[in-house]
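>>> coords please:
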Amino acid sequence: MRRSIHISALLLAAAGATACGSNVATPAAASGAPSITINDILQIDQAGQPIWSPDGSEVGFQWGLGTERDWWAASASASKPASRGDAAVRQVAPLTGRASAAISPDWRSIAYVSKKHVWTVPAGGGRPVRVTTEEGKYSTLTWSPDSKRIAFVVERNDQDDIGVGSAAGGPVTSIAATPRDEDSPIWSPASDRLAFLRRTDDWSGYEIWVSAPDGTHQRAIAREAYQKGVEEFHFDGNDAWSPDGTQIAYLSSRNGYNHVWVASVSGGDPKELTTGSFVDYDPSWSPAGDRIVFISSRAGDLEDRHVWTVAATGGAPVRLSPDGFCARPVWSRDGKRIAYLRSSATEPPEVTVQDARAGATAVRLTESRPNPSLTAGFVEPQSVTYPSRDGMNVHAVVLRPRQAAAAGGHPGLMYFHGKGGINLKGWGGLPNYAFHQYLVQQGYAVIFVNWRGTHVGYGSAYEQANYRDYGGGELDDVVGAAHTLQRDFGVDSKRIACWGESYGGYMTMLAVTKTPDVCNAGVSLYGVSDWTTFLKQSKRKLWRMRLVAKLGDPAADPALWDKSAAIKFASQARSPLLILQGMDDDGVMPIQGESLYDAMHQMGKNVDYVAFVGEGHGFRHTGSLRDLYQRVDAFLGKYNSGKAPVTTH
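Numbers count the residues shown, from 1 in each chain. The predicted structure is shown next:
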């Protein structure tokens, strides 16, 4: 039982050292060593949003792992996947150390955030130019289509505003500097207007506004209201101007599910283009303006995601993509093809291109794995549902080991996603996917729980089911997941561990303390131990406002807030808990984990706390990821192997 400081981001990433565990597969699997190691996992690149080159001959994307990502381009006419070093791919610009990086539409410049300012630098190398004049917390960098200006969000004094600066430097214009919070700017095709999100005064919804780049001629064109709490949903990434600049496609859940809607820039009631008990997002207009491509779950399995298209005037959507988990579709400049990310059970998200018609062949342009054979044995994710204690049908995704269970059953693991997240089928839909498959190869059955309150997946009623009930019904859903592992997947009830990130870290803390018989070991990554103190500490305004909208005023109902706080149940914990926390986290402050550690440590509980220097809310440095996986692997091997006692007084 100790508290320690870990400096992986500063030392391990550079030196390749290890803090615990091993770089080779552990002997956890009774039938032999797994075919993939943690070091193998950290050699697999991650591909980002595809962007077509100006002439349409290439598709650009970020490629790498964590903070070590660069801008690459692949030939759009390639007939087979290309790896680093192949002639069909080339590195366009280095991005390592450049936060929020975005390439200009003409592919000549990179915008990024560094030292509390926005900068640009020539893609081919050269002297950086500072775009902003005042220090701030900058994000959401968005180039104008003519590549001359950059819109951005800046946070100062707990307020989000929008500004515009010249790519060449000079004065900055405040577009939306009002007492209300604004974010998610997007440029019109002619670079003459901006659309953005402006939250209502009471945070009960948001409005879509349009403005000239100098901040004049502002008008609201649509309003969306939230029911039962502020939703974690931004306009950014789910919006698009029509090519003629007269309409904006965006998402609304006003009819129960997130669907594609279109609002006229000149005003009037928005129009719903897609319908049904499915989730749609990532809309993008065709260059001709006659169709909108989007991602949807409407193929039948709510955990699947495919590329679909619908006429801009409405009608029946048509599926374009073949099997596989798809994301982030974008039209080619001539409107004949679509690029998107596609993954499968054995392939990570890869840049893929196909003709913009149903039944067209999808061609994978990238190969992100140094050794594809190492992932060939990964198991297929399967969707499951199970009843919770109150009868609610809960959704989840399961990875089931191929090997037969040893005496007593498989070891089990429950993973809990963060707030605003969802666990889906496919490499691109499950967090820490390769690491979880590594554990499956050791015999683990892993269930990814989409407890009630999960966003953007099962409709508004499911999303709002934890309203005024944090740590209540959703914790019953966790208990139901453990029972499902035992009943349907041959898991030993005494060998079920749990872990999660952010809100999933909170759920882990709560499972270990409030339901001590469910998990025999838990790993919490930057989780909240007490919402009342979180409300006073967190520097993320959206998170604080959403919390009050969901739970109400803590002064008016302190009992409700107390029943949702893991620290209030620390005395009940009987299983070991490992708390991992980024020291630079401004959303869930380190004191949240420290407080629970101190409380449990003083009670003689089996608890450990590790702080990661240089990491925030989410670990991004390769050294931190290596240590994370090795540390969790060693922790599970120690406490979930069935060979060591785990209970504490």
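>>> Show the low-confidence segments of the stretch 201-350 of the chain, by residue range.
230-236 (pLDDT under 70).
>>> tell me which element the closest residue in space to I292 that isn't next to it in sequence is part of?
Take I292 and drop its neighbours on the chain: the residue closest to it by CB to CB, 6 or more residues apart in numbering is P283, 5.1 Å away. C-beta coordinates here come from the backbone N, C-alpha and C atoms, glycine included. For P283, the host element (DSSP states H and E) is strand 280-285.
>>> Give the partner strands of the next helix or strand after that strand in its sheet and their orientations.
For strand 280-285, the following helix or strand on the C-terminal side (DSSP H and E) is strand 291-296. In the sheet, strand 291-296 lines up against strand 280-285 (antiparallel), strand 306-311 (antiparallel) (DSSP bridges).
>>> count of residues packed around the residue nearest to I292?
26 (other CB atoms under 10 Å).
>>> Hmm, V293 and it touching each other?
Yes - in this structure, P283 is within contact of V293 by CB atoms under 8 Å, at 7.3 Å.
>>> Give the other helices and strands that the host helix or strand of K494 contacts.
Following DSSP H and E, one finds K494 within strand 491-501. Using 3 or more CB pairs under 8 Å, 6 or more residues apart in numbering; DSSP states H and E as the contact definition, the elements that strand 491-501 packs against are strand 410-416, helix 473-489, helix 503-514, strand 521-525, helix 622-639.
>>> Pull out the buried residues from that strand.
491-493, 495-501 (16 or more other CB atoms under 10 Å).
>>> That strand pairs with which strands, parallel or anti?
When DSSP bridges is applied, strand 491-501 pairs with strand 410-416 (parallel), strand 521-525 (parallel).
>>> For these, could you give me a markdown table that also reports mean neighbour count and distance to A74?
Shown next, in a markdown table, are the strands paired with strand 491-501 (neighbours: other CB atoms under 10 Å; distance: least, CB to CB, whole Å):
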| stretch | mean neighbour count | distance to A74 |
| --- | --- | --- |
| strand 410-416 | 28 | 32 |
| strand 521-525 | 28 | 33 |
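>>> Quick one: closest of those strands to R127.
strand 521-525 (39.2 Å; CB to CB).
>>> residue boundaries of the strands in the stretch 301-450 of the chain?
306-311, 318-319, 325-331, 337-343, 350-355, 363-364, 382-387, 393-399, 410-416, 445-450 (DSSP state E, counting those that start in this stretch).
>>> As TSV, these with distance to L636 would be great.
Compiled in TSV, the strands of the stretch 301-450 of the chain are given as follows (distance: least, CB to CB, whole Å):
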stretch	distance to L636
strand 306-311	34
strand 318-319	39
strand 325-331	26
strand 337-343	25
strand 350-355	30
strand 363-364	33
strand 382-387	22
strand 393-399	15
strand 410-416	7
strand 445-450	11
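>>> E615: which of those strands is closest?
Short answer: strand 410-416, nearest of these by CB to CB, at 19.6 Å.
>>> could you give the angle of the closest one to strand 445-450?
20 degrees (axes from the mean of the first three to the mean of the last three CA atoms, to 10 degrees).
>>> Of the buried residues of strand 491-501, which is the nearest to R198?
Among these, and counting by CB to CB, the member closest to R198 is E501, at 30.0 Å.
>>> dump the residue contacts of that closest one.
416-418, 431, 525-527, 618 (CB atoms under 8 Å, 6 or more residues apart in numbering).
>>> please redo it, this time with the cut-off set to 6 Å
Neighbour list for E501: 418, 525 [criterion: CB atoms under 6 Å, 6 or more residues apart in numbering].
>>> got it, and A222?
When contacts are counted by CB under 6 Å, 6+ apart, A222 is found next to 208, 263, 270.
>>> now the helices for the stretch 101-250 of the chain?
Counting by DSSP state H, counting those that start in this stretch, the stretch 101-250 of the chain has no helices to list.
>>> closest to Q227 out of the strands paired with strand 491-501?
So among the strands paired with strand 491-501, strand 410-416 is nearest, using CB to CB, at 24.4 Å.
>>> any idea of the angle the closest one forms with helix 473-489?
Using the same axes, to 10 degrees: strand 410-416 against helix 473-489 is 150 degrees.
>>> Any chance you could list what contacts strand 410-416?
443-449, 481, 485, 490-491, 495-498, 500, 504, 507, 640.
>>> So for that strand, mean pLDDT?
Mean per-residue pLDDT for strand 410-416: 98.
>>> quick one, it and helix 503-514 angle?
Using the same axes, to 10 degrees: strand 410-416 against helix 503-514 is 120 degrees.
>>> Just the C-alpha atoms of strand 410-416, please, in PDB.
The C-alpha trace of strand 410-416 is given here as PDB (Å, rounded to 0.1, in the frame of the first residue of the first chain):
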ATOM      1  CA  HIS A 410     -12.200 -18.200 -16.900                       C
ATOM      2  CA  PRO A 411     -10.900 -15.100 -15.200                       C
ATOM      3  CA  GLY A 412     -13.200 -12.200 -16.100                       C
ATOM      4  CA  LEU A 413     -12.700  -8.400 -16.600                       C
ATOM      5  CA  MET A 414     -15.300  -5.600 -16.800                       C
ATOM      6  CA  TYR A 415     -14.400  -2.400 -18.600                       C
ATOM      7  CA  PHE A 416     -16.300   0.800 -18.000                       C
END
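>>> How far does it sit from its chain's centre?
In terms of CA atoms, centre = their mean, to the nearest Å, the centre of strand 410-416 is found 21 Å from the chain centre.
>>> pLDDT value on the closest residue to W499 other than its chain neighbours, please?
Nearest residue to W499 in three dimensions, chain neighbours excluded: V523, at 3.8 Å (CB to CB, 6+ apart). For V523, the pLDDT comes out at 98.
>>> Might you report the residue contacts of V523?
Counting by CB under 6 Å, 6+ apart, V523 has contacts 499, 578, 632.
>>> again with P50
P50 neighbours (CB under 6 Å, 6+ apart): 59, 61, 330, 339, 351.
>>> Recalculate using a threshold of 10 Å.
Residues counted as contacts of P50 (CB atoms under 10 Å, 6 or more residues apart in numbering) are 59-62, 74, 76, 327-330, 338-341, 351-353, 365-366.
>>> Also G169?
With CB under 10 Å, 6+ apart, G169 has these contacts: 119-120, 129-133.
>>> Just these: which are in strands?
119-120, 129-130 (DSSP state E).
>>> Now compare those residues and name the two farthest from each other.
Among the ones in strands among the contacts of G169, T120 and R130 lie farthest apart (CB to CB), at 8.5 Å.
>>> These two: which is more packed in?
Taking neighbours as other CB under 10 Å, T120 and R130 compare with T120 leading, 26 against 14.
>>> could you list every residue that touches the more buried one?
102, 104, 108-112, 126, 128-131, 141, 143, 147, 150, 165-169.
>>> Repeat that for D244.
Contacts of D244 (CB under 10 Å, 6+ apart): 188-190, 265, 285, 288-289.
>>> one more time with 8 Å, if that's ok
189, 289.
>>> Now it, what are its backbone angles?
phi -90, psi 0 (degrees, to the nearest 10).
>>> Tell me the spacing between it and H395.
Distance from D244 to H395, counting by CB to CB, to the nearest Å: 40 Å.
>>> same check, this time on K539
32 Å.
>>> who has more neighbours, those two?
Using other CB under 10 Å, the more surrounded residue of K539 and H395 is H395, with 22 against 13.
>>> Quick check: beta-bridge partners of the more buried one?
Applying DSSP bridges, one finds that H395 bridges with T385, N450.
>>> what pLDDT does it get?
98.
>>> how near is it to N450?
Distance from H395 to N450, by CB to CB: 4 Å.
>>> Find the residues that touch each one of those two.
Counting by CB under 8 Å, 6+ apart, the residues touching both H395 and N450 are 457-458.
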